[in-house]
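Engineer: With the input below, show me the fold.
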Amino acid sequence: MTVQASGPVPSRRLVDGVLAGDRRALARLISRAEAGEEECRPALADIHRHTGRAHIVGVTGVPGSGKSTLVRACASAMRAVGRTLGVVAVDPSSPFSGGAILGDRIRMGALAGDPGVFIRSMASRGALGGLAHAALDAVDLMDAAGFDTVLIETVGVGQDEVDIVRAADTTVVVSAPGLGDDIQAIKAGVLEIADIHVVSKSDRPDANRTFAELKQMLLLAQVPPERHIPVVATSAESGEGIDALLAEIDSHSSFLASDGRLARRRRRNAAARAVKIAEEMVRRRYAAGDSTAMAAIVDRMCARELDPHGAARALLATLDEVAP
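Structural biologist: Below is the predicted model of the structure:
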């Protein structure tokens, strides 16, 4: 069978291309995953069987803390020692086009032509938790394509937006001095999720105060961590602290490799991912409220025959109608 050059590329060919490290195939499959094309699900299922080799590093923190600049500096340092990496940069969505507003591929232009780096920006499109819906599909694809490390930069977390901790092997939380709070991580509710804390923009005069207060807050934490949580001062502009940060990431990777910790963390992350996808499937099915089952249950709620929790249980009882 001859495939027309102008037609869609078959998924099988794209899967083979991704596994061979073909950047165009990788970009096309990420685009299909981001568009939510059901036709690409078998291809992504095939890709998933080839994942688990890359070290997944999540970089999060409040907007303005310097995440993008730090990711760029870390990527450059990793390339300097011969590592390959993929970057998934989640940007805020335009309320008009739905596309990414900031565009990390522009901010990381110096790396764009490097064959050892693949950068993909994607719009959050209203997703809570700091991650776009297709972000982890993109991570799987970069992992299967053979990149040593995959960096995920979140859109910028707020209270309870901490999905990254259920997606990454190592979570880096970035704080910066001078943003109106002494320690932004506390306000964001993410102090306790960090495997590594970074104080960016350390060349600023008030950086030492932020660094000291973070260290103090970690000492006063009610639940002692199973591992000492380092705080690293960095300046992405000068390069100060970047090598120290990479050393801490490697140290955490080695820590996870001992006593089955990595397997346990990835099992936890896999469970969280499956539950989140299931939630999205249920939400898409019932959000419109036009299904027969939904309409009948809503009628009973409005007639005060069912309370909201009873209605939710009734909805869950209809899930056997959903195709696996």
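
Engineer: Identify the residue spatially nearest to residue 273, adjacent ones excluded.
Structural biologist: Nearest residue to residue 273 in three dimensions, chain neighbours excluded: residue 136, at 6.2 Å (Cβ to Cβ, 6 or more residues apart in numbering). Yep, even glycine has a C-beta here, placed from its N, CA and C like the rest.

Engineer: so what pLDDT did that neighbour get?
Structural biologist: pLDDT, residue 136: 93.

Engineer: Surely it touches residue 272?
Structural biologist: No: counting by Cβ atoms under 8 Å, residue 136 stays clear of residue 272, with 10.2 Å between them.

Engineer: So between the two, which is more surrounded?
Structural biologist: The residue with more neighbours, out of residue 136 and residue 272, is residue 136; 21 against 14, by other Cβ atoms under 10 Å.

Engineer: Compute the mean per-residue pLDDT across stretch 293-305, please.
Structural biologist: On average, the pLDDT along stretch 293-305 is 90.

Engineer: Just say helix, strand or coil for residue 57.
Structural biologist: strand (DSSP: H, G, I helix; E, B strand; the rest coil).

Engineer: Would you check that it makes contact with residue 173?
Structural biologist: No: contact criterion Cβ under 8 Å: residue 57 and residue 173 do not qualify, at 11.8 Å.

Engineer: Between the two, tell me which one has more neighbours.
Structural biologist: Remark: of residue 57 and residue 173, residue 173 carries more neighbours, 30 against 27, as counted by other Cβ under 10 Å.

Engineer: Which residue ranges of the stretch 101-250 of the chain form strands?
Structural biologist: Secondary structure of the stretch 101-250 of the chain (DSSP state E, counting those that start in this stretch): strands located at 117-123, 149-153, 170-175, 196-199, 231-233.

Engineer: need those in TSV with distance to residue 23 and mean pLDDT, can you?
Structural biologist: TSV is the format used below for these (distance: least, Cβ to Cβ, whole Å; pLDDT from 0 to 100):
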stretch	distance to residue 23	mean pLDDT
strand 117-123	6	88
strand 149-153	15	95
strand 170-175	25	92
strand 196-199	29	93
strand 231-233	32	94
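
Engineer: Identify all residues paired with the residue nearest to residue 139 when sequence neighbours are not counted through a beta bridge.
Structural biologist: Nearest residue to residue 139, sequence neighbours excluded (Cβ to Cβ, 6+ apart): residue 150, at 5.2 Å. Beta-bridge partners recorded for residue 150 (DSSP bridges): residue 56, residue 86.

Engineer: Residue 150 and residue 140 touch, don't they?
Structural biologist: No: shown here, residue 150 and residue 140 do not form a contact pair, counting by Cβ under 8 Å, at 9.1 Å.

Engineer: list the residues that contact both of these two?
Structural biologist: Counting by Cβ atoms under 8 Å, 6 or more residues apart in numbering, residue 150 and residue 140 have no shared contacts at all.

Engineer: returning to that earlier point: please list all residues in contact with the residue nearest to residue 139.
Structural biologist: By Cβ under 8 Å, 6+ apart, the contact set of residue 150 is 54, 55, 56, 57, 85, 86, 87, 88, 139, 142, 143.

Engineer: what's the pLDDT at the first one?
Structural biologist: Model confidence at residue 54, given as pLDDT, is 97.

Engineer: Break this structure down into its domains, please.
Structural biologist: 1-50, 52-259, 270-319 (automatic domain parsing).

Engineer: Leaving out chain neighbours, which residue sits closest to residue 16?
Structural biologist: Using Cβ to Cβ, 6+ apart and skipping the chain neighbours, the partner closest in space to residue 16 is residue 25 (7.7 Å).

Engineer: Just the buried positions in the one helix or strand that neighbour maps to, please.
Structural biologist: Take DSSP states H and E as the rule and residue 25 turns out to sit in helix 23-34. Across helix 23-34, burial judged by 16 or more other Cβ atoms under 10 Å covers 25, 26, 27, 28, 29, 30, 32, 33, 34.

Engineer: And stretch 239-254, by the same measure?
Structural biologist: 241, 242, 245, 246, 248, 249, 251, 252, 253.

Engineer: quick one: average confidence on it?
Structural biologist: 96.

Engineer: Now tell me what touches it from outside.
Structural biologist: 55, 57, 70, 73-74, 77-78, 169-170, 172, 195-196, 198, 202-203, 227, 230, 232-236.

Engineer: low pLDDT regions in the stretch 51-200 of the chain?
Structural biologist: Counting by pLDDT under 70, the stretch 51-200 of the chain contains low-confidence ranges at 92-110, 124-132, 156-162, 179-190.
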